[in-house]
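>>> please find the sequence and the predicted model below.
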Amino acid sequence: MRINTHPILEFKRGAAVTITFDGKPIEARDNETIAVALHAAGIRNIGRSMNLHRDRGLFCAIGNCSSCMMIVDGVPNVRTCLELCRDGMTVETQHDKGVLA
Amino acid sequence: MIKTDLLVIGAGPAGLCAAVAAGESGKDVLILERSHTPGGQLVKQTHMFFGSEKQHAATRGFDIASILLDKLNAMSNVRMVTNATVLAAYDDGLWTADILGKYEKIMPQAVVCATGANEKSLAFPGCDLPGVYGAGAVQTLMNQYGVLPAERAVMLGAGNIGLIVSYQLLQAGVKVLAVAEGSARIGGYLVHAAKLRRMGVPIMTAHTVKAAYGKESLEAVTLWALDDKWQGIPGTEITYRADTLCVAVGLSPLSELLWQAGCKMLYVPALGGHVPYRDDNLRTSLPHIFVAGDAAGVEEASSAMVEGTLAGLSAAEYLNAAPADIKERKNDCLSQLAQLRSGHVGERISAGLELARIKEAAGIC
């Protein structure tokens, strides 16, 4: 959920774009990261653990922890906490180590 | 191949101040920042800073970032590149980076490593459930992007980060059910703790998380009391219906690049983990590599800024471009750091810093 009123901060929302998450369209802004856009849409389960295949969420949100890696436009192991949304971007859950095309 | 006089790694408070100080010398400075936005953790700090005027006291963190960036933008010899992750340091002085998805080689004359820190995690049943976040992650979501993590939160840790982020959760409209702190006393400033208590948030000292529960994501958190040997006491469990658990149990320095470059390292618990040995100029065991901020030992943003300035001055001196008043300016940095490190938390940090200090050839009067 996006914060609309805040006692201190004013949020400058970027242009509206649409990304797809596992085939579903998600409304996003071009100045927010993929992980943030998914959170705003109520999706917190974004990564998967490699061995036990348990769902993972954001942990650090600044590119350190690898908990949020997904396949973005066909490229695996993208840190979705750093990657900004672009219109038409395809985001998929990654279930394995990933293979580069 | 990119050539530069000084490479600054990281555009947080330490890196920005290092770039300002070194930039004033006229040398070419290249700042590489992993994120798409410079400022590091400053951009999500909504509270007013403490310290003195020199460290921008009474200014909110995100405003401090803007002040520093304005200074840098006015310098034509300083170049900032975002979306740039430094990948490796090689023996011959070469560094590599992923810059906007492209693999680049960089040959700098000197380096200031201001890579910051990593949030520590804690092992407990359910600790990997979506909804269990580092406290800084929640701060990023709320304060940088204006998105809520969820609705009902428990905070683990009553150091400054735990206290401040709890208050920021309240400001953003999230219910904070409790703050649990493993030690017997609140670690952060009491002014932050008092704000939470006035809002009716319980701060439970000598308590920690026993387990987190949830089918697909976090649904409940059980806390329990700790005895004086830090063991959970059966029968003291309290369970909260919570969809967010923030872990604020400290940070560890992001010092991997310094390891790789070959700097002599030391494990110092009081500084959060492995840190490079450094002299009073913040020069590591390698003459051309300097360190500043949390990468040198976890403290807070005010001391990171002063360390950044000191490292930037030292790097300029190494590059034979020291300003005329360098001795005064360095001594001013050192006295600011001594002031920031007074108090009981500072004592522990100072003792840790002493362990990693290169004593000879400091060159400071």
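Received it, and whenever you're ready, just let me know what you need. Please read all numbers here as calculations on a predicted model, not as lab measurements.
>>> can you pull out the strands in the stretch 251-365 of chain B?
Taking DSSP state E, counting those that start in this stretch, the strands of the stretch 251-365 of chain B run over residues B:251-253, B:265-268, B:273-276, B:289-291.
>>> let me have these in a markdown table, extended by mean neighbour count and mean pLDDT.
Using the backbone N, CA and C atoms, a C-beta is placed for each residue, glycine as well. Output for the strands of the stretch 251-365 of chain B, formatted as a markdown table (neighbours: other Cβ atoms under 10 Å in any protein chain shown; pLDDT from 0 to 100):
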| stretch | mean neighbour count | mean pLDDT |
| --- | --- | --- |
| strand B:251-253 | 22 | 97 |
| strand B:265-268 | 16 | 98 |
| strand B:273-276 | 23 | 98 |
| strand B:289-291 | 30 | 98 |
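>>> list the contacts of the residue of chain A found nearest chain B.
Residue of chain A nearest chain B, by Cβ to the nearest Cβ: residue A:57 (2.8 Å). Each residue near residue A:57 by Cβ atoms under 8 Å, 6 or more residues apart in numbering or on different chains is listed here: A:44, A:45, A:46, A:47, A:67, A:68, B:129, B:130, B:131, B:132, B:133, B:217.
>>> over to residue B:81?
B:30, B:31, B:32, B:33, B:99.
>>> bridge partners for it, pull those for me.
residue B:32 (DSSP bridges).
>>> follow-up on the earlier one: any chance of the contacts of residue A:57 in a markdown table, with neighbour count and secondary structure too?
A markdown table is the format used below for the contacts of residue A:57 (neighbours: other Cβ atoms under 10 Å in any protein chain shown; DSSP: H, G, I helix; E, B strand; the rest coil):
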| residue | neighbour count | secondary structure |
| --- | --- | --- |
| A:44 | 23 | coil |
| A:45 | 16 | coil |
| A:46 | 24 | coil |
| A:47 | 23 | strand |
| A:67 | 25 | coil |
| A:68 | 26 | coil |
| B:129 | 23 | coil |
| B:130 | 24 | coil |
| B:131 | 24 | coil |
| B:132 | 29 | strand |
| B:133 | 29 | strand |
| B:217 | 17 | coil |
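>>> of those, just say which sits nearest to residue B:58.
residue B:133 (29.4 Å; Cβ to Cβ).
>>> does the closest one touch residue A:59 like I think?
Yes: in this structure residue B:133 lies within contact range of residue A:59 using Cβ atoms under 8 Å: 6.1 Å.
>>> so what's the most far-flung residue of chain A relative to its centre closest to, chain neighbours aside?
In chain A, counting by Cα atoms, centre = their mean, residue A:7 sits farthest out from the average C-alpha position, at 26.8 Å. Distances taken as Cβ to Cβ, 6 or more residues apart in numbering or on different chains place residue B:171 nearest to residue A:7, at 5.5 Å, with adjacent residues excluded.
>>> dump the contacts of residue A:57 to JSON lines, plus pLDDT.
Converted to JSON lines, these look like this (pLDDT from 0 to 100):
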{"residue": "A:44", "pLDDT": "96"}
{"residue": "A:45", "pLDDT": "96"}
{"residue": "A:46", "pLDDT": "96"}
{"residue": "A:47", "pLDDT": "94"}
{"residue": "A:67", "pLDDT": "94"}
{"residue": "A:68", "pLDDT": "96"}
{"residue": "B:129", "pLDDT": "97"}
{"residue": "B:130", "pLDDT": "97"}
{"residue": "B:131", "pLDDT": "97"}
{"residue": "B:132", "pLDDT": "98"}
{"residue": "B:133", "pLDDT": "97"}
{"residue": "B:217", "pLDDT": "96"}
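>>> from the contacts of residue B:81, pick the one nearest chain A.
residue B:33 (10.6 Å).
>>> can you tell me how far that closest one sits from residue B:94?
20 Å (Cβ to Cβ, to the nearest Å).
>>> do the same with residue B:224
52 Å.
>>> residue B:273 too?
Counting by Cβ to Cβ - residue B:273 and residue B:94 are separated by 26 Å.
>>> and for residue B:29?
18 Å.
>>> of the two, which one has the most company?
residue B:29 (30 against 13; other Cβ atoms under 10 Å in any protein chain shown).
>>> mind listing the strands for chain A?
All strands of chain A, identified by DSSP state E, fall at A:16-21, A:24-29, A:47-48, A:55-56, A:69-72, A:75-79, A:90-92.
>>> show me which positions of the first one end up buried.
Spelled out, that is strand A:16-21. By 16 or more other Cβ atoms under 10 Å in any protein chain shown, the buried positions in strand A:16-21 come out as A:17, A:19, A:21.
>>> what about the residue lying closest to residue A:3 once chain neighbours are set aside, distance to residue B:110?
Nearest residue to residue A:3, sequence neighbours excluded (Cβ to Cβ, 6+ apart): residue B:146, at 4.5 Å. Remark: distance between residue B:146 and residue B:110 (Cβ to Cβ) = 39 Å.
>>> need the contact list for whichever residue of chain B sits closest to chain A.
Chain A sits closest to residue B:130 of chain B, with a gap of 2.8 Å, by Cβ to the nearest Cβ. The neighbourhood of residue B:130, defined by Cβ under 8 Å, 6+ apart, consists of A:44, A:45, A:46, A:55, A:56, A:57, A:58, B:216, B:217, B:218.
>>> wait, the first one touches residue B:217, no?
Yep, that's residue A:44 we're talking about. Yes: here residue A:44 reaches residue B:217: they are 5.4 Å apart, a contact under Cβ under 8 Å.
>>> please name the residues that touch residue 87.
Using chain A. Counting by Cβ under 8 Å, 6+ apart, residue A:87 has contacts A:17, A:18, A:19, A:30.
>>> I was after chain B.
Here residue B:87 is in contact with B:96, B:97, B:98, B:103 (Cβ under 8 Å, 6+ apart).
>>> quick check: closest non-adjacent residue to it.
residue B:96 (4.8 Å).
>>> surely that neighbour meets residue B:102?
No: using Cβ under 8 Å, residue B:96 makes no contact with residue B:102, being 10.9 Å away.
>>> ok, those two, which is more surrounded?
Shown here are residue B:96 and residue B:102; by other Cβ under 10 Å, residue B:96 has more neighbours (15 against 8).
>>> what helix or strand is that one on?
Using DSSP states H and E, residue B:96 falls within strand B:95-99.
>>> what lines up beside that strand in the sheet?
When DSSP bridges is applied, strand B:95-99 pairs with strand B:84-89 (antiparallel), strand B:102-113 (antiparallel).
>>> give me the angle between the shortest one and strand A:75-79.
So that's strand B:84-89. 100 degrees (axes from the mean of the first three to the mean of the last three Cα atoms, to 10 degrees).
>>> CA atoms only for strand B:84-89 - export them in PDB, please.
Written as PDB, here are the backbone C-alpha positions of strand B:84-89 (Å, rounded to 0.1, in the frame of the first residue of the first chain):
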ATOM      1  CA  ALA B  84      27.400   1.300 -10.600                       C
ATOM      2  CA  THR B  85      28.500  -1.600  -8.500                       C
ATOM      3  CA  VAL B  86      32.200  -2.000  -7.800                       C
ATOM      4  CA  LEU B  87      33.000  -5.700  -8.300                       C
ATOM      5  CA  ALA B  88      36.600  -6.300  -7.600                       C
ATOM      6  CA  ALA B  89      40.000  -5.000  -6.700                       C
END
